[in-house]
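Trainee: just to be clear, the model below is a prediction. Sequence and coordinates:
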Amino acid sequence: MSATRRTASAYSTAIDAVRGGHEHAEEEQRADAAARAALGFLSEPGDGVLGRLVNAIGAPAVLDLVISGARPSEFAVALGAAGEPGEPLGDSSIGHGLKRWRPRIDAAAFERSLAQAARVGARLLVPGDAEWPTGIDDLGPNAPLALWVRGRADALAGAQPTIALVGARAASGYGEHVTAEASAGLVDRGFLIISGGAYGIDGVAHRAALASDGTTVAFLAGGIDRLYPAGHESLLTRIAQTGAIYSEVPCGTAPSKWRFLQRNRLIAAAGDATIVIEAGIRSGSLNTAGHAATLGRPLGAVPGPVTSPSSAGCHRLMRERDATCVVDAAQMAELASGMGFGIEQGPPNRSMDSAPSADAVRLLDALSPRSARSVDDLARRSGLAPGLVMSTLAELEVDRLVIRDVGGDWKCRPRRR
């Protein structure tokens, strides 16, 4: 029996404990999950050499070669047999990879990590699972081999549109206000909010989404058994109750500067768009923006006072990264949709050349796809007279942008990708 099979067999019970509904998968799938978990334990996030090897010959074969002491030339033979596309991986790249991975081989530590994952209720997701967030795959060979999740494992696997809100830890009152309004407004428009669970803009984005009864997820730089930062333990726990927290590193892993930077690529890849709300000239959120731009995701930035160092990074993104200037939830939703006004599939009855009226925009902002609202409530929220609300609702109903429930209250239509 090969080293890979021994590994899969030795940890099959532990792997099953963190695989949720996949514990009865075929032996080949179980071996793949076990190998991906083990390789994730041996490597750092974003290891493109390891990613190329796994994509070419499969995780079990790579693990077998790594732990059996195979030489780089043996990897090259396996790659040649698999017909790996693109520039070939040289012996030097593979050799440097082996120097990174082999010192971490520690069966006892790996077993402790799996046991800790089971204790905190973590789930292991791998590509091909129904719950796997497919946007992550756009990272190619730098995509995670597996993801650890606490909470709803399928949070990012549905049709709900997603948007990443990121920014500075040392947020100003202005940044926090814009973030809270944007997050709540995007939730009302049917979006799931993605961020990094950090202090400042991230925390405000998560809290506002939760306060609006929305779904939000956080990507962590360390293991999901040690919620970081410690001051956000209760917030991250709340996120996991209705959404999810994700990490690509195994339980027991400490967050580090490098892992934060690598974590940022997951935030950018998981979102339909990334919005930087407030950022200094050297803010880590600019790293997230760079990943979004590289992936071809829509990138937005919120302007601030030209005298404010806290907004210098946003202004730099507009100047150097062609980030779209966005100022509210409506503009952020429009950017994420890749369409004109709103994100509903299929054109409304209104001519595409006819922009919605100012009153319609105000009323649509006051509506929610989740909670039906009365005319009086909409009048208070929009600042329009009740009579004008009723006539505008009639126009929007003709355009298939709103629906009325049996009680006579109104909702905007659910928005999907």
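Mentor: Thanks, I have the structure now. Numbers count the residues shown, from 1 in each chain.

Trainee: let's test this: mean pLDDT of stretch 199-216, rounded?
Mentor: Here stretch 199-216 scores 96 as its mean pLDDT.

Trainee: list the buried ones in it?
Mentor: If you call a residue buried by 16 or more other C-beta atoms under 10 Å, then stretch 199-216 has these buried ones: 200-210, 212, 214-216. C-beta: built from backbone N, CA, C; applies to glycine.

Trainee: all strands of the stretch 201-350 of the chain, in order?
Mentor: 216-219, 244-247, 274-278, 299-301, 324-325 (DSSP state E, counting those that start in this stretch).

Trainee: returning to what we had before: what's the closest of the buried residues of stretch 199-216 to residue 187?
Mentor: Here the nearest of these to residue 187, counting by C-beta to C-beta, is residue 214; it sits at 3.1 Å.

Trainee: contact partners for the spatially closest residue to that closest one that is not a sequence neighbour?
Mentor: Excluding its sequence neighbours, the residue lying closest to residue 214 (C-beta to C-beta, 6 or more residues apart in numbering) is residue 187, at 3.1 Å. Residue 187 makes contacts with 193, 208-209, 212-215, as judged by C-beta atoms under 8 Å, 6 or more residues apart in numbering.

Trainee: from residue 189, how far off is residue 97?
Mentor: 44 Å (C-beta to C-beta, to the nearest Å).

Trainee: more crowded one of those two?
Mentor: residue 189 (28 against 23; other C-beta atoms under 10 Å).

Trainee: could you report the neighbour count for the closest residue to that one other than its chain neighbours?
Mentor: Nearest residue to residue 189, sequence neighbours excluded (C-beta to C-beta, 6+ apart): residue 333, at 4.8 Å. Neighbour count of residue 333, defined by other C-beta under 10 Å: 26.

Trainee: residue 273 versus residue 333, what's the distance?
Mentor: Residue 333 is 9 Å from residue 273, by C-beta to C-beta.

Trainee: tell me, what's touching these two both at once?
Mentor: Common neighbours of residue 333 and residue 273 (C-beta under 8 Å, 6+ apart) are residue 163.

Trainee: quick revisit: mind checking which helix or strand the residue nearest to residue 214 is in?
Mentor: Assessed by DSSP states H and E, residue 187 sits inside helix 173-188.

Trainee: buried sites along that helix?
Mentor: 174-176, 178-180, 182-188.

Trainee: could these go into TSV alongside pLDDT and distance to residue 306?
Mentor: Shown next, in TSV, are the buried residues of helix 173-188 (pLDDT from 0 to 100; distance: C-beta to C-beta, whole Å):
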residue	pLDDT	distance to residue 306
174	95	13
175	95	15
176	95	20
178	96	16
179	97	20
180	96	23
182	96	21
183	97	25
184	96	27
185	95	25
186	96	26
187	96	30
188	94	31
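
Trainee: just the closest of those residues to residue 241, please.
Mentor: Distances from residue 241 to those, taken as C-beta to C-beta, are shortest for residue 187 (15.9 Å).

Trainee: on that earlier part again, separation between the residue nearest to residue 214 and residue 161?
Mentor: 11 Å.

Trainee: tell me the pLDDT at the residue nearest the centre of the chain?
Mentor: In the chain, the residue lying closest to the centroid (C-alpha atoms, centre = their mean) is residue 270, at 3.4 Å. If you check residue 270, the pLDDT there is 96.

Trainee: next, the buried residues of stretch 65-73.
Mentor: So for stretch 65-73, counting by 16+ other C-beta under 10 Å, buried means 65-67, 70, 72.

Trainee: among the residues you listed, which two are most distant?
Mentor: 67 and 72 (15.1 Å).

Trainee: how many residues are close by residue 322?
Mentor: Residue 322 - counted by other C-beta under 10 Å - has 9 other residues nearby.

Trainee: an error on my part: the question was meant for residue 317.
Mentor: 26.

Trainee: pretty sure it sits against residue 299.
Mentor: Yes: Residue 317 is in contact with residue 299 according to C-beta atoms under 8 Å; the separation is 6.9 Å.

Trainee: now do the shared contacts for the two.
Mentor: 276, 289, 323.

Trainee: list the contacts of residue 285.
Mentor: 166-168, 201, 264, 276, 279, 313.

Trainee: can you list those residues in a markdown table and add distance to residue 410?
Mentor: Converted to a markdown table, these look like this (distance: C-beta to C-beta, whole Å):
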| residue | distance to residue 410 |
| --- | --- |
| 166 | 33 |
| 167 | 33 |
| 168 | 38 |
| 201 | 32 |
| 264 | 39 |
| 276 | 34 |
| 279 | 37 |
| 313 | 40 |
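
Trainee: highest neighbour count among these?
Mentor: Of the contacts of residue 285, with other C-beta under 10 Å as the count, residue 167 tops at 35 neighbours.

Trainee: what residues does the spatially closest residue to that one that is not a sequence neighbour make contact with?
Mentor: In this structure, residue 167 finds its nearest non-sequential neighbour in residue 201, 2.9 Å apart by C-beta to C-beta, 6+ apart. Applying C-beta under 8 Å, 6+ apart, one finds that residue 201 lies in contact with 165-169, 171, 175-176, 179, 195, 277-278, 285.
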